[in-house]
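# below are the sequence and a predicted model; questions follow.
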Amino acid sequence: MKEILRTTDPTIIAFAKAMLQGEDIEVFEMDVHMSILDGSLGILPRRLMVRDADHFMAAAVLRDCNIDPGK
């Protein structure tokens with residue numbers, strides 16, 4: 001699995017997941033429960049992971065939605 005997005009903004013995570021799932025790209029969200037450690041401040045970023053084979057297509061989908069996939 002490869003990281004496609006890392007952000008602290010939950011709205012970007014939800015939007016990116018919806019767009020990727022709409023293109024039949026499986027998405028796994030990591031670090032969801034890290035808010036326990038940061039006291040629900042939202043300072044620890046969440047990550048979206050995709051399969052290696054889907055990484056190129058997922059990055060293109062996010063760029064089309066004006067989300068910087070980072071890597």
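Looks like it came in fine.
# how much space between Pro10 and Glu29?
Look at Pro10 and Glu29: by C-beta to C-beta, to the nearest Å, they are 10 Å apart. C-betas here are computed from N, CA, C, even on glycine.
# can you check which residues contact both of the two?
Common neighbours of Pro10 and Glu29 (criterion: C-beta atoms under 8 Å, 6 or more residues apart in numbering): Arg46.
# I figured Ile13 hits Leu5, correct?
Yes - Ile13 is within contact range of Leu5, at 7.3 Å (criterion: C-beta atoms under 8 Å).
# what about the two, which has more around it?
Per other C-beta atoms under 10 Å, whichever of Ile13 and Leu5 has more neighbours is Leu5, with 25 against 21.
# ramachandran angles for the more buried one?
phi -160, psi 140 (degrees, to the nearest 10).
# model confidence for it, exactly?
For Leu5, the pLDDT comes out at 94.
# contact partners for it?
By C-beta under 8 Å, 6+ apart, the neighbours of Leu5 are Ile12, Ile13, Ala16, Arg47, Leu48, Leu62, Ile67, Pro69, Gly70.
# how about a cut-off of 6 Å?
Leu5 makes contact with Ala16, Leu48, according to C-beta atoms under 6 Å, 6 or more residues apart in numbering.
# show me what it bridges to in the sheet.
Under DSSP bridges, the beta-bridge partners of Leu5 are Leu48.
# what distance do you get for it to Ala53?
Per C-beta to C-beta, Leu5 is found 17 Å from Ala53.
# lowest average confidence, helix or strand, in this protein?
In the chain, the helix or strand scored least confidently by mean pLDDT, DSSP states H and E is helix 35-38, which has a mean of 60.
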